[in-house]
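Colleague: return a 3D structure for these sequence lines:
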Amino acid sequence: MAVSSPSPRLHISLHLQNPSPSPSRSGKPRTAPTTETLRRRLLGRGVSPTPKILHALRKKEALKALRRARKDTAAAVARRDEALDSAAEEEEEACFRVATAEYRTLMGRPWDGARGVAPRRGDSGEEGLEGLREMLVARRGEVFSWLLDDDLEAEGAEGKQHRRPGAGWHSEMEDEERKIELLVRRLNEDYLSSRDWRLTRMLRKADLIYNEDNMLRILDGLEARGNWRQALSITEWVYNENIYGHRKSRFVYTKLLSILGKSLRPTEALEIFTIMRGDAQIYPDMAAYHSIAVTLGRAGLLHELIKIIEYMRQKPTKRVLKMRRKDWDPSLEPDVLVYNSVLNACVITQQWKGVFWVFQQMRINGLTPTGATFGLAMEVMLKAKKYDFVQKFFEKMQKNGVPPRAITYKVLVRAFWEQGKINEAVEAVEEMEQRGVVGAASVYYELACCLCNNGRWKDAMLQVEKLKQLPLTKPLEYTFTGMILASFDGGYIYECISIFESMMDHCTPNIGTINVMLKVYGHCDMFGKAKDLFETTDACFSSSLSPVHEHSSLKADAYTYSSMLEASASAQQWEYFEFVYREMALSHHYLDQSKYSWLLIKASRAGKPYLLEHAFDSILERGEIPDIQLFTEMICQSVAHRDYARTLQVLHVMADTSINVNELQWCDLLQKYAHLFSVDSVRDLMKLLCTSGTIDAHPLLSFVRALQAQVGTTLMKDTSLVADDTSSKQCHLLLPEADKSASSNLTEKNQLTCKNLCTNILLDAECSGDVPDSVTDMPQLGASAVMSRNVSCGSLLENKHEQYDLRQWGTQISAVDEILDSLNSCGDSSYGEVPSASEILEFWEQERINDMFALKKESRTTFKG
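Modeller: Here you go, the predicted model:
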């Protein structure tokens, strides 16, 4: 039998019938005195009040009475709330006891066994509390609804929804840290400027109050991820908001200066420092000056750093002074850290005279130089090649009682090395060890390189043994790589090989060491050793059979292939050169055309012009501009092989990329290739250029003039050209001599004459049957058409002239050549249908997969036209 109890809502409604509590216990509010009462009080004290005094006193008394009334009302409300809370707790306790009694009546005590009538099981077969839950809902849902916890999550969600953004003062520390971590992670995903609406939306939805502590935490998270851009954006956004504009923090801006300094952004740091100097609330202190000084010192901005020192000693502007009290004086004097930053800037700029200025200023201000000060001064003199001052500052350091550090001995060893005083460098390191100074790895590294540069690599190995006993900041492979380079710079080639062989006993070479050895072998005509090393490296990476050091990687990079190409070119091993170039292309590495364009030109002249074609087209497909040497070589090679379509195409690409070659340079190039040009090739090229109609601009104009000069100087000696004297005169009339400094565009009259003469030349040539098929069938190639499509692999894939001298192209035909022949035989020989560089690369990949083109001893052949 259930025990009934009154509803708790009934008791609450009874208490709320009189919601207005009495302001005081007595029920009588205290009122403010009237003007007459105040006047009588003053007269009783012997004061004659004026109306102004009475008005002021009455106003004060009224405010006092109002404050007392509010205080009494708040106390009454608090007492009422306490009474209501206690009553609600008692009612809830009574209801809980009633529910407990009813449950015990139905279920019995757990330790007494099952007694009474068990509650009905739920539909899902659950017993106990689930059945009781359904029973309570069915019988007295309203009375016992407070026992059911289904509404807790809904109430929490509703409260979170109605809570205003930024109302997180009561939130706990863990919740704020979680929100900050989530915000930092989202900020790090993409760069958002301070004016981006996405940043505004993200920061407002973060439900954070951007006070000083939270801003420092956010900046710490962004600093750990190296994201200085977002740190700058969020700081600018927060302090541009109206609610945070008056809460600017000097610590936040100093932290931002530190982040920009670690990211090597001196320009942005100077902008933030200027903002700090313009606001009295965040005016720089000594920590801010330290941060900006270190940043500018690392960047080598010496003049800006001197201005910072002047700003430290100056008073703020009048506008800034008005923001603070009158006796505020933020001017400071630079300390040792600031002067050390000046010396650091002098190291980069090699301003050795600034060292004496720094020591003079420190002596005036009473500052004592530290070991870092003397070490930086010695480094400045080392960079400026003032070796005498290096020794003098070291002696002055010892005289002042400043203990030298290991980094100081490193500078001293380097100075002795550059002077050629090897024994003195060894004695300096021995003195360091005798003094008990714990040597750094960099000291022994400098001494080892110094000994290797002078052929004493065995003594350098002793320093390596000492270096291995110290904590290393870099792997040991870097040490051996530097020793090999030092021996190579000193001209000790066989010592380089000995060091490389000794390296195997200490560590496994990484790809940097491999690149250095390939360079050594290439410069010393040791192609066999370079080839073995390259193939061994490739095999080790492919099969992963050899153990690799923890910090090493034997995967060939662009420098590996470039060094091997250079070694192959030096040894005139053009077949292996082609093999390495194909492997490089299949590995998606590219030659640095600013350094190694001469390799492609040399290979093209040695019978591998299709490699130049592929490299040229690959550069265009990547959206880059080829080097001017590649342009000129492509044009000369295409003219020599009578590929006039390719010549015109390359000239159009030159015009579109704004690459200009003057007439004198063209003449020099044509003179070099004069032995490859025939009379017919020059005549056909002149006729093609006449029909193109685009010779009114550079470089076509200068190229045609150079051809004209070549015809006048060299080709006029040929008897076939003398017999065709009329055509030669018309070609001279085609392009009259003009001053080189004149405009590149022809006048309208010259263009009309050019058009008429070109028509006459073609008509005469067609009547005599001298026009080749390559000219009459030539498609009109525009500049836009050239740049809009993917440039194909080269003129050799399209060549249809059977009279080419094929002796220099090899004798064997590869499977790729057969594929290209079949592609060319399916249609016409228009240049737009020739496979592009990417298609040729696919052919090479298929070739390597099928193992059809293993490295052969026989000479490799080129693509057949």
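
Colleague: tell me the first helix or strand C-terminal of the one helix or strand residue 274 maps to.
Modeller: In this structure, residue 274 is located in helix 266-277 according to DSSP states H and E. Beyond helix 266-277 on the C-terminal side, the first helix or strand identified by DSSP H and E is helix 286-299.

Colleague: one step back: could I get the helix holding residue 274 in PDB with only the CA atoms?
Modeller: Extracted in PDB, the C-alpha atoms of helix 266-277 (Å, rounded to 0.1, in the frame of the first residue of the first chain):
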ATOM      1  CA  PRO A 266      62.400  40.800 -38.000                       C
ATOM      2  CA  THR A 267      60.100  43.000 -40.100                       C
ATOM      3  CA  GLU A 268      56.900  41.900 -38.300                       C
ATOM      4  CA  ALA A 269      58.600  42.200 -35.000                       C
ATOM      5  CA  LEU A 270      59.500  45.800 -35.700                       C
ATOM      6  CA  GLU A 271      55.900  46.600 -36.600                       C
ATOM      7  CA  ILE A 272      54.700  45.100 -33.300                       C
ATOM      8  CA  PHE A 273      57.400  47.000 -31.400                       C
ATOM      9  CA  THR A 274      56.300  50.200 -33.000                       C
ATOM     10  CA  ILE A 275      52.700  49.500 -31.900                       C
ATOM     11  CA  MET A 276      53.900  49.000 -28.300                       C
ATOM     12  CA  ARG A 277      55.800  52.300 -28.300                       C
END
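
Colleague: can you tell me what sits against that helix?
Modeller: 228, 232, 250, 253, 256-257, 260-261, 282-284, 288, 291-292, 295-296, 298-299, 301, 304, 308, 311, 316, 320 (C-beta atoms under 8 Å, 6 or more residues apart in numbering). C-betas here are computed from N, CA, C, even on glycine.

Colleague: relative to helix 286-299, how tilted is that helix?
Modeller: Taking axes from the mean of the first three to the mean of the last three C-alpha atoms, to 10 degrees, one finds helix 266-277 and helix 286-299 inclined to each other by 160 degrees.

Colleague: residue ranges with poor pLDDT in the stretch 101-250 of the chain?
Modeller: 106-133, 135-173 (pLDDT under 70).

Colleague: run the last query once more with 90
Modeller: Along the stretch 101-250 of the chain, the parts satisfying pLDDT under 90 run over 101-181, 185-209, 211, 226, 241-247.

Colleague: next one: the stretch 501-650 of the chain
Modeller: 504-510, 512, 522-526, 535-558, 570-571, 582-650.

Colleague: please enumerate the helices of it.
Modeller: 511-523, 527-543, 558-570, 574-586, 593-605, 609-621, 628-640, 644-656 (DSSP state H, counting those that start in this stretch).

Colleague: possible to save those as a markdown table with mean neighbour count and distance to residue 406?
Modeller: Below are the helices of the stretch 501-650 of the chain laid out as a markdown table (neighbours: other C-beta atoms under 10 Å; distance: least, C-beta to C-beta, whole Å):
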| stretch | mean neighbour count | distance to residue 406 |
| --- | --- | --- |
| helix 511-523 | 22 | 25 |
| helix 527-543 | 16 | 36 |
| helix 558-570 | 23 | 32 |
| helix 574-586 | 20 | 43 |
| helix 593-605 | 18 | 37 |
| helix 609-621 | 22 | 48 |
| helix 628-640 | 22 | 48 |
| helix 644-656 | 22 | 57 |
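
Colleague: which stretches of the stretch 1-150 of the chain form helices?
Modeller: Under DSSP H, counting those that start in this stretch, the stretch 1-150 of the chain gives helices at 8-15, 35-44, 51-107, 129-140.

Colleague: need the ones you listed in CSV with distance to residue 475, can you?
Modeller: Shown next, in CSV, are the helices of the stretch 1-150 of the chain (distance: least, C-beta to C-beta, whole Å):
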stretch, distance to residue 475
helix 8-15, 75
helix 35-44, 90
helix 51-107, 69
helix 129-140, 65
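
Colleague: now those helices as TSV including distance to residue 669 and mean neighbour count?
Modeller: Below are the helices of the stretch 1-150 of the chain laid out as TSV (distance: least, C-beta to C-beta, whole Å; neighbours: other C-beta atoms under 10 Å):
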stretch	distance to residue 669	mean neighbour count
helix 8-15	103	12
helix 35-44	110	13
helix 51-107	98	13
helix 129-140	95	15
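
Colleague: quick one, which of these gets closest to residue 344.
Modeller: helix 51-107 (62.1 Å; C-beta to C-beta).

Colleague: that closest one packs against which elements?
Modeller: Helices and strands touching helix 51-107, by 3 or more C-beta pairs under 8 Å, 6 or more residues apart in numbering; DSSP states H and E, are helix 8-15, helix 35-44, helix 129-140.
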